[in-house]
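Novice: Give me a model of this one.
(chains A and B)
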2 protein chains.
Amino acid sequence: MPVGTVASVKGVSQDIIDVQLLLGNTYHLYLRPGIEQVRKLGGLHRFMSWPRAILTDSGGFQVFSLRELRKLSEEGVTFRSHLDGSAHFFSPESAIEAQIGLGADIIMAFDECTEYPAEKARARQSMELSLRWAERSKRRFEVRKHEVPWGPISSFPNPERETPPGMSPPGNDNGMGAEARQSLFGIVQGGMDFQLRRESAERTVEIGFPGYAIGGLSVGEPRALTREVIEATLEHLPTDKPRYVMGVGTPEEIVEYAALGVDMMDCVLPTRAARHGLLFTSEGKISIKQARYASDQNPLDPNCACQVCHRYSRAYLRHLYASNEVLAQVLNSVHNLSFYLDTMRAVRHSIALGKGARFLSGEQS
Amino acid sequence: MPVGTVASVKGVSQDIIDVQLLLGNTYHLYLRPGIEQVRKLGGLHRFMSWPRAILTDSGGFQVFSLRELRKLSEEGVTFRSHLDGSAHFFSPESAIEAQIGLGADIIMAFDECTEYPAEKARARQSMELSLRWAERSKRRFEVRKHEVPWGPISSFPNPERETPPGMSPPGNDNGMGAEARQSLFGIVQGGMDFQLRRESAERTVEIGFPGYAIGGLSVGEPRALTREVIEATLEHLPTDKPRYVMGVGTPEEIVEYAALGVDMMDCVLPTRAARHGLLFTSEGKISIKQARYASDQNPLDPNCACQVCHRYSRAYLRHLYASNEVLAQVLNSVHNLSFYLDTMRAVRHSIALGKGARFLSGEQS
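Specialist: Have a look, this model is predicted:
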């Protein structure tokens, strides 16, 4: 899932994002344009004119990242906006209501992202809090889920026109008709302790969700440990439900995690790296700012079919980056997203052919 | 002509610019990536992967804008780079050689853009200098024009692939085959004095060019005066050659000037205004940052067929702008360019129907 923080994958128009599922950040959308604003406009799909699926996080991770600006209690988290310093409060209940207002297809329980490193006692205490919050999240979701602002397609912007290419009704077009509902996923915590991860997984499954995320990773731990925790947690999560690792990873890592059995991942890396001129290619990473590309007439990645590799040379991309042109960010983001999505397409293809493991060991890592 | 300052129309990929002729700025390209660099890479068309026509200015206007950073002599202009303060020198000869190196289809004589206001004596002196420079520009062009770096299409970036949609060989695909050459246009100066303008026009025509520009406008004079100078100059320029007014204008102005007989115009207004959230629509100008658009589900312009008006609401565009998202600049620029190009298409259509004047007086102004 590419990350569309405030209802936009930075620099890239919805027309060119060929993906099934986008992520939106509840914390950012809550601050701007505001939950009520999005709800009034018919939900996030309609607001950003994105007919395919959306997942919103609960805001817990962003609030966790604010560090000095937040204060935690059993009830929830008080935090200050990174934009204007104003005080706000998120609880499991308000985070769920916010996500119902945004109307994503998949929404997340409100959890505490345990910091790294953490003593076992601290990790347990944090995990217990996340479990109590998971129950409260589910309870509030069951009461309020009918309030999702999905409407008929006729209320799409610009209703008198033909539907844009590839567009279909948002949210309620998943084959379930009027019965369609948001799905609330639970989140496993437990720090880097395998025992706690197992306990968190089992007790989250006991509460019962249609999908499960592994949270609390990518918080500064070594990458080898990330993988071990994923592996240790996955085996306690049902294989017939989507399993989602939050906030990972490099192209190599997402292939590796998919081979372990992970179904979903999100990461800002492709778009953030693009803004810094760091490009992923089938021949390795390229830092396009380097002078060695100034006269390089080759496409960025000779094995990539994206519109950037199809049309532009490395020399041109290097020039745009060196000249601080906005088009550099746009084209770099389009390519990196394509590379990620191609990588996942290859993974899915390998899985369909029944050789996920061979793909992992032979072609990519 | 949209302005693609350093080989990029700011924020907009070449794929979505549906225009016959783009402008590039010699001054900016000279500084970055450098003329030799572009020449080595096969010229501007190939460098920026733009198969349609390009016009480059001579750098004179940009150097004129540097004010404190330049020093004028009969020979040419010494100036300091706005990027790093390094010293450079442009003469008619070097400006022409630079433009041959860039390889645009239409290139411009090196002139002095007379400041506003200017006494008649000063305007005459400046006009005389531009006339001497026009002769020198033409002389150098005749000697060096064969050095244009146009090559066969097989040297396009990524030659093994199919040509991108709409792409054809650059430069040499104007039906003249290998005989194709750049066209050097002359520039009329003379300040705001009609007599001087007439004299400049007549003497520039005497030197002889395949097209003529009216320069020295949009330098701070009142808009009514701009129009009067255009009108007074046009009547002394041949109607069977393209007549180009440099650096104008608003949508209303370009319609008005076209009705006067102007064939070509360039302006940064559509893209620059877009970056400031100022959008041109068939119902007037819109400042998208205004709170009144926060809940407006209508398209930006109900009469516009561009991809932005087709897909996004004013509420979403307002949100992107208010959130400082890069996509705001991208989408705003795409729309404003579409609006300008649609305006010119309507003008051409009216001319074809033989009712340019009616279009001018009835529909747009």
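
Novice: only C-alpha atoms for contact and neighbour calcs from this point on.
Specialist: Fine.

Novice: Against which helices or strands is the helix or strand hosting residue A:339 packed?
Specialist: Using DSSP states H and E, residue A:339 maps to helix A:326-352. Counting by 3 or more CA pairs under 8 Å, 6 or more residues apart in numbering or on different chains; DSSP states H and E, the packing neighbours recorded for helix A:326-352 are helix A:251-260, helix A:269-275, strand A:278-281, helix A:307-311, helix A:314-322.

Novice: tell me the mean pLDDT for it?
Specialist: Here helix A:326-352 scores 97 as its mean pLDDT.

Novice: likewise stretch A:286-298?
Specialist: 97.

Novice: got it, and stretch A:30-39?
Specialist: pLDDT averaged over stretch A:30-39 gives 97.

Novice: What is the end-to-end distance of that stretch?
Specialist: 11 Å (CA to CA, to the nearest Å).

Novice: cool, stretch A:235-253 as well?
Specialist: First residue to last in stretch A:235-253 (CA to CA) measures 18 Å.

Novice: Can you point out the buried residues in that stretch?
Specialist: Within stretch A:235-253, the residues that count as buried by 16 or more other CA atoms under 10 Å in any protein chain shown are A:237, A:242, A:243, A:244, A:245, A:246, A:247, A:248, A:249, A:251, A:253.

Novice: follow-up on the earlier one: would you tell me which one of the helices and strands packed on helix A:326-352 is buried the most?
Specialist: Counting by mean count of other CA atoms under 10 Å in any protein chain shown, helix A:314-322 has the highest mean neighbour count of the helices and strands packed on helix A:326-352, with a mean of 25.

Novice: Quick one: residues in contact with that one.
Specialist: A:277, A:288-291, A:293-300, A:326-329, A:331-332, B:8, B:32-33, B:47-48 (CA atoms under 8 Å, 6 or more residues apart in numbering or on different chains).

Novice: just the buried residues of stretch A:235-253 now: which is nearest chain B?
Specialist: residue A:247 (21.5 Å; CA to the nearest CA).

Novice: and the closest one, helix, strand or coil?
Specialist: Of the three states, residue A:247 takes coil under DSSP: H, G, I helix; E, B strand; the rest coil.

Novice: how close does it get to residue A:2?
Specialist: 11 Å.

Novice: cool, residue A:342 as well?
Specialist: Taken as CA to CA, the span from residue A:342 to residue A:2 is 13 Å.

Novice: Who has more neighbours out of those two?
Specialist: Taking neighbours as other CA atoms under 10 Å in any protein chain shown, residue A:342 and residue A:2 compare with residue A:2 leading, 24 against 15.

Novice: Leaving out the residues flanking it, which one is nearest to that one?
Specialist: Computed as CA to CA, 6 or more residues apart in numbering or on different chains, the closest residue to residue A:2 that is not its neighbour in sequence is residue A:22, at 5.5 Å.

Novice: go on, residue A:13?
Specialist: Using CA to CA, 6+ apart, the nearest residue to residue A:13 is residue B:327, at 6.8 Å.
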